[in-house]
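Peer 1: Provided below are the primary sequence and the corresponding predicted coordinates.
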Amino acid sequence: MPQVYFSLQEANELISKIKPTIERVSQLRDEIDLLDNTQIEFDDKSIEHMLLEIELNKSFHEKNLEMYSHIGTLIKKGCIIRELTTMEIDFYSRFNNKDVAFCWRPDDEKILHWHFLKEGCEKRQPIKIIERNYLDVLKKLR
């Protein structure tokens, strides 16, 4: 599958469409963590206790399946999920003939940062740099 590149506008438009999926993935992640950290010990191995354990395991795996199905859908749309805990997402783009990533966090209404791919998130910069560059290119075309 080829890499998907976005303009800033396209990436911001996609954010509004994927936000419900992102919220569902976060909810499922929390539910999975809760199920994974739930330990039940029984004094006896009654049928009811074994069935309860099976139901907990079944729920755990169903939630994992749903979560990873949503993650697969996001990846097919071009989202690069950097951090499952925070659901930080990158979108590939180009800037000055180099590959960059637009950075987005679910608390943000739109993309606020970007970084060169080789530099990583720790060296991200304000998106205004790219916006200014775009306006400068438009001015030169006039």
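Peer 2: Structure's in. What do you need?

Peer 1: need the helices for this structure, in chain order.
Peer 2: Along the chain, counting by DSSP state H, helices occupy 8-36, 47-76, 128-141.

Peer 1: low pLDDT regions in this protein?
Peer 2: Within the chain, the stretches with pLDDT under 70 are 42, 134-142.

Peer 1: how about a cut-off of 90?
Peer 2: 1-3, 36-54, 82-84, 95-98, 117-124, 129-142 (pLDDT under 90).

Peer 1: circling back: okay, the helices of the chain in TSV with mean neighbour count and distance to Asp90 next?
Peer 2: Any C-beta I mention is one placed from the backbone N, CA and C, and that applies to glycine too. Listed next are those as TSV, based on neighbours: other C-beta atoms under 10 Å; distance: least, C-beta to C-beta, whole Å:
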stretch	mean neighbour count	distance to Asp90
helix 8-36	15	9
helix 47-76	13	11
helix 128-141	11	14
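
Peer 1: in TSV, list those helices along with distance to Met87.
Peer 2: Shown next, in TSV, are the helices of the chain (distance: least, C-beta to C-beta, whole Å):
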stretch	distance to Met87
helix 8-36	5
helix 47-76	10
helix 128-141	23
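
Peer 1: out of those helices, which is closest to Phe102?
Peer 2: When the helices of the chain are compared by C-beta to C-beta, helix 8-36 sits nearest Phe102, at 5.0 Å.
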